[in-house]
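S.K.: how would this look folded up:
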Amino acid sequence: MALVNQLQKFSRSILGIASNYSKYTSNTTLPFLQATRGISTTQPLSEKQEVNITFVKASGERIKAKGKVGDTILDIVVNNEIDLDGYGACEGTLTCSTCHLIFSKEVYDALPDKPTDEELDMLDLAYELTDTSRLGCQIVMSKELDGIEVRVPSTINDARA
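M.R.: Just a heads-up that it's a prediction; the model follows:
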């Protein structure tokens with residue numbers, strides 16, 4: 001019975017807070033709050049800059065896509081619904097090698113981050129591995145990478161299989 005009484009008191013206090021809140025949010029009680037709602041002291045969020053990338057399939061087909069600075073190459077493939085059979089099967093969790101891409105030497109050297117040990121382990125399982133291979137889920141697009149071309153291997157190996 002004591003527990004029931006405590007719950008009733010608690011619910012009444014919550015209801016009291018809610019009813020008092022509604023008084024303060026009306027236009028007649030505190031017009032000051034209503035007038036200041038549109039004012040912000042923080043900087044507005046800037047739109048992320050758009051970046052371009054071209055995927056070159058083994059057949060020679062070129063697929064141009066757009067993304068935003070901060071997107072991974074996997075994000076760009078998914079967001080643009082690009083049909084690269086099996087690409088990104090693990091959704092970027094570094095448990096497969098299906099987003100294997102081959103970069104030109106210049107682009108590979110310009111990538112801001114070098115591959116981690118986990119990425120190298122997955123790359124070891126990829127088909128058509130080269131010295132400039134990386135996993136697209138690990139490459140974050142920047143302004144400097146705008147306009148790059150990447151080669152998509154002819155086959156993929158899903159390391160999870």
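S.K.: from what I see, Gly67 and Asp75 are in contact.
M.R.: Yes: contact criterion Cβ atoms under 8 Å: Gly67 and Asp75 qualify, at 6.4 Å. C-betas here are computed from N, CA, C, even on glycine.
S.K.: ok, the two, which is more surrounded?
M.R.: Higher neighbour count among Gly67 and Asp75: Gly67, with 21 against 18, using other Cβ atoms under 10 Å.
S.K.: show me where this protein dips below the pLDDT cut-off.
M.R.: Within the chain, the ranges that satisfy pLDDT under 70 run 1-46, 159-161.
S.K.: what ranges do the helices span in it?
M.R.: 2-24, 31-36, 73-79, 105-110, 117-123 (DSSP state H).
S.K.: for the fourth one, list every residue counted as buried.
M.R.: I take that to be helix 105-110. By 16 or more other Cβ atoms under 10 Å, the buried positions in helix 105-110 come out as 107-108.
S.K.: who does that helix touch, helix- and strand-wise?
M.R.: strand 148-151 (3 or more Cβ pairs under 8 Å, 6 or more residues apart in numbering; DSSP states H and E).
S.K.: the strand it packs on pairs with which strands, and in what direction?
M.R.: strand 50-56 (parallel), strand 100-103 (antiparallel) (DSSP bridges).
S.K.: what sits up against that strand?
M.R.: 53-56, 58, 73, 101-104, 107, 136 (Cβ atoms under 8 Å, 6 or more residues apart in numbering).
S.K.: give me that answer again for 7 Å
M.R.: Residues from elsewhere that reach strand 148-151 (Cβ atoms under 7 Å, 6 or more residues apart in numbering): 53-56, 101-103, 107.
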